[in-house]
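In: Need coordinates for the below:
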Amino acid sequence: MSTLEFNDTLTSMESYLMAFAMNYTRNVEDAKDLTQETMLKAIRYRDYYTPKTNFKAWIFTIMRNIFINQYRRKVKSKTIFDNSTDLFLLNSSTEKRNSPYNHIASGEIAEQLAKLSEEYKEPFEMHYLGFKYKEIAEKLDIPIGTVKSRIFIARKKLMDLLPDYRYSNN
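Out: This next block holds a predicted model:
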């Protein structure tokens, strides 16, 4: 594959890469960065691409590996950005955890948590305290699938009850 063909194929894949990156990052700016870094790395290592093989799979593998490596770096630095729907930022800094805002927020969350029925509240609180699914299932004498389901439903209900804490994708 010539350099021109490689570059044309790569640029035609940009929209697919961006969509794939959004699945990983859930953030437009981070997805753009990941896409750009993937394209740069693909160009840098284009000699490793075997012609007449699945180019899309090759480029998506590069993106996945970049994302995993970035995630591992963040874990080592003890800062993890969880871009899931409940968007919880874990940081080892106690200064941010003890802020007045977090004190008010935790009060509001506790108030809404109290409104949940016991069947959802108990597994959710146990999970929040660090119990594993299996431990919760054994303690409450219910199947693990039920534990996971109740924790998921509790999260969804809390997100509905606390719209001010919901992440916006703007």
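In: Look at Gly130 and give its secondary structure.
Out: coil (DSSP: H, G, I helix; E, B strand; the rest coil).
In: contacting residues around it?
Out: Residues counted as contacts of Gly130 (Cβ atoms under 8 Å, 6 or more residues apart in numbering): none. C-betas here are computed from N, CA, C, even on glycine.
In: Model confidence for it, exactly?
Out: On the pLDDT scale, Gly130 is placed at 86.
In: what does Ala21 give?
Out: For Ala21, pLDDT reads 92.
In: I'd say it and Thr38 touch.
Out: Yes - between Ala21 and Thr38 there is a contact under Cβ atoms under 8 Å: 7.5 Å.
In: what sits in contact with each of these two?
Out: Here Ala21 and Thr38 have Met63 as joint contacts, going by Cβ under 8 Å, 6+ apart.
In: Show me which residues of the strand or helix carrying Asp30 are buried.
Out: Using DSSP states H and E, Asp30 sits within helix 28-44. Across helix 28-44, burial judged by 16 or more other Cβ atoms under 10 Å covers Asp30, Ala31, Leu34, Thr35, Glu37, Thr38, Met39, Ala42.
In: got a list of what Leu162 touches?
Out: By Cβ under 8 Å, 6+ apart, the neighbours of Leu162 are Glu108, Ile109, Gln112.
In: between these, which is closest to Arg26?
Out: Ile109 (21.5 Å; Cβ to Cβ).
In: helix, strand or coil for the closest one?
Out: Three-state call for Ile109 (three-state DSSP): helix.
In: can you check Lys56 too?
Out: Going by three-state DSSP: Lys56 is helix.
In: List the contacts of it.
Out: Going by Cβ under 8 Å, 6+ apart, Lys56 touches Met13, Tyr16.
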